[in-house]
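curious how this folds, go ahead:
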Amino acid sequence: MREEEDIDFKDYLNIIRKRIFLLLFIIICPMIIAGLLSFYVMKPVYEANSTVIVGKDNADKITQSEVLMYQDLIKTYSEIGKSRIVAENAIENLKLDIAVKDFMLNLSITPKIGTQIIEISYKSGTPETAAEGADALSQAFIQESQKLLPSGSAKIMDKALVPEFEIAPKKKFNIAIGFIIGIMLSFGLVLLINYLNNTIKNEDDIQRYLDLPTIGLIPKQNKMENLIVEKDPKSLATEAFKSMRTNLLFSMENRRVKTIVICSSGPKEGKTSISTNIASVIAKTGKSILLVDCDLRKPCVHRQLNITNNELGLVDVVLEGRKVEEVLIKIEENFDVITAGKANYSPSELLASQKMKVFIEDMEKKYDYVMIDTPPIITFTDALTLVTEKVGVILVISAEETTIENCKKSKQLLLNINAMIIGIVLNKVDKKSFIGYGYDYYSNGKERKSTLNNKGGRKKRNNKEKSDSVNI
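So this is what the prediction gives:
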């Protein structure tokens, strides 16, 4: 669970945008349920009303004191109307087969304050029965009140009319209540999900939890493409890599760094995809760049570039003293690659060796930039052994996949060795986050797809190797 942090209005908007379909679903469901119950399940209820006036039954003039007396007696008359005997007489008159207690649940006796009038109401499933019930109650009430209070008088003032509309269910009201409940449930659930989601989701999270610069936002691809900057040069991802290139080169020039270690907290965060694509777009600026696959445990650079790793590689140069020219693979102009090769030695010891340091220094003299793809730093120490005061580090984070805890742990591991952290690359970002940045302008129109052809000394991939795209 994440630590307590303030969530501003922008965060709420991001939550709503990302969960909009869930929001709408939860809002609509209670409304649909309320509508179905109101229209097809709940039985209609009709209510009819009759009024009775109580007073003195003679032609003499009624005095003020008598009016006040009957106003006081109105409560007594009301209790007579609510009595069991009145209900039994009404049932008998209506010839209903219903229990008295059930019948009494549907009637109501309401005295009009400050008057001698009593309103008698009865509810039923049909309008006719409701009117008949109200009239029957009025008759039974008058009969019983004359027995109990013979000095007084009770007369029907208005007979019950057959109601035109039901009083329940209140369909529009129920649907409105369903809407309110849906709003409350949807926002409550979405905020709960967001609270329990302890992953890095956007650039603001990087600033909030890691306090590190973001040098690149790479969109999530519906279908993973190896070296997308070559296969789809007008895509949103390609433009994102070009933007990252600008930020990265500026930072490297400003800090006078020639070698970059690209790492991630865990596997499948896309660091190899980042390595190959950023190396390719840098090469297109005319700068020479060497990409070295130092993930000796699970090398994947060759898969991204559709070349083989069955022959010579980095291991042969460092351990056996092979010449760099023997293992070098030319991908395109200004872009060379050295694959991992077949590791038969402890990867961490090999990468920490003096020979490896000398190798990197030699490559820095030959190329403008050296880029190193490494294993996850939390699981293995391989990447940390390559870091020196002259080597920059890029940490790749997978949006909504990498946990905040792992990111903080990775940052701390790098700080423990005084690593120069160039910045963060947030990979697999929702494409909707790029709206407004102008990327969509470049990705419109007919997309051009191209394939990589073998150039110069580039080696063909072995047929036995899998050609599926990977995101390591």
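
gap between the residue lying closest to G341 once chain neighbours are set aside and R322?
Nearest residue to G341, sequence neighbours excluded (CB to CB, 6 or more residues apart in numbering): G313, at 2.3 Å. Yep, even glycine has a C-beta here, placed from its N, CA and C like the rest. Distance of G313 to R322, computed by CB to CB, to the nearest Å: 9 Å.

higher neighbour count, these two?
G313 (27 against 16; other CB atoms under 10 Å).

how about the contacts made by the more buried one?
D293, P299, V327, I338, T339, A340, G341, K342 (CB atoms under 8 Å, 6 or more residues apart in numbering).

please name the residues that touch the fifth one.
Contact analysis of T339 by CB under 8 Å, 6+ apart lists D293, P299, V301, H302, I307, T308, N309, G313, L314, V327, I329.

ok, the closest residue to D368 other than its chain neighbours to M371 distance?
Of all residues beyond its chain neighbours, the one nearest D368 is K287 (4.2 Å), with distances taken as CB to CB, 6+ apart. K287 sits 11 Å away from M371, going by CB to CB.

between the two, which one's more packed in?
Relative neighbour count places M371 above the other of K287 and M371, with 25 against 14, counting by other CB under 10 Å.

and the more buried one, bridged to which residues?
I260, L291 (DSSP bridges).

host element of T272?
Element membership for T272 (DSSP states H and E) is helix 271-283.

report the buried residues of that helix.
271-283 (16 or more other CB atoms under 10 Å).

tabulate the residues you listed (JSON lines), appending distance to I109.
What follows is these, written out as JSON lines (distance: CB to CB, whole Å):
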{"residue": "K271", "distance to I109": "79"}
{"residue": "T272", "distance to I109": "82"}
{"residue": "S273", "distance to I109": "79"}
{"residue": "I274", "distance to I109": "79"}
{"residue": "S275", "distance to I109": "84"}
{"residue": "T276", "distance to I109": "85"}
{"residue": "N277", "distance to I109": "82"}
{"residue": "I278", "distance to I109": "83"}
{"residue": "A279", "distance to I109": "88"}
{"residue": "S280", "distance to I109": "87"}
{"residue": "V281", "distance to I109": "85"}
{"residue": "I282", "distance to I109": "89"}
{"residue": "A283", "distance to I109": "92"}
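
which residues in the stretch 351-472 of the chain form helices?
Ranges of helices in the stretch 351-472 of the chain, per DSSP state H, counting those that start in this stretch, are 354-366, 382-386, 404-416, 439-443.

ok, and which of those helices has the densest surroundings?
helix 382-386 (a mean of 23; mean count of other CB atoms under 10 Å).

quick one: average pLDDT of that helix?
For helix 382-386, mean pLDDT is 92.

so what secondary structure elements neighbour that helix?
Applying 3 or more CB pairs under 8 Å, 6 or more residues apart in numbering; DSSP states H and E, we find helix 382-386 packed against strand 259-264, helix 347-352.

out of those, which comes closest to M363?
The closest of the helices and strands packed on helix 382-386 to M363 is strand 259-264. By CB to CB, the value is 7.9 Å.

buried residues in that closest one?
T259, I260, V261, I262, C263, S264.

pLDDT wise, what is the third one at?
Translated: V261. For V261, pLDDT reads 96.

hmm, it is touching I372, no?
Yes - the pair V261 / I372 is scored as a contact, 4.8 Å apart, by CB atoms under 8 Å.

common neighbours of the two, please.
Both V261 and I372 are contacted by L386, under the criterion CB under 8 Å, 6+ apart.

thinking again about what came up before, okay, the helices of the stretch 351-472 of the chain in a markdown table with distance to V393 next?
Below are those laid out as a markdown table (distance: least, CB to CB, whole Å):
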| stretch | distance to V393 |
| --- | --- |
| helix 354-366 | 14 |
| helix 382-386 | 8 |
| helix 404-416 | 6 |
| helix 439-443 | 26 |
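
so which of those helices comes closest to I53?
Nearest to I53 among those is helix 404-416; the distance by CB to CB comes to 75.3 Å.

which strands and helices sit next to that closest one?
With contacts defined as 3+ CB pairs under 8 Å, 6+ apart, helix 404-416 has these neighbours: strand 391-398, strand 420-429.

closest one to N254 out of the buried residues of helix 271-283, please.
Checking these against N254 with CB to CB, the nearest one is I282 at 15.8 Å.

hang on, the closest one packs against L249?
Yes - if you go by CB under 8 Å, I282 and L249 touch, sitting 7.0 Å apart.

low-scoring stretches of the stretch 201-350 of the chain, by residue?
Along the stretch 201-350 of the chain, the parts satisfying pLDDT under 70 run over 224, 310.

returning to that earlier point: out of the helices of the stretch 351-472 of the chain, flag the one nearest S65.
Distance to S65, taken as CB to CB, is lowest for helix 404-416 among the helices of the stretch 351-472 of the chain, at 82.0 Å.
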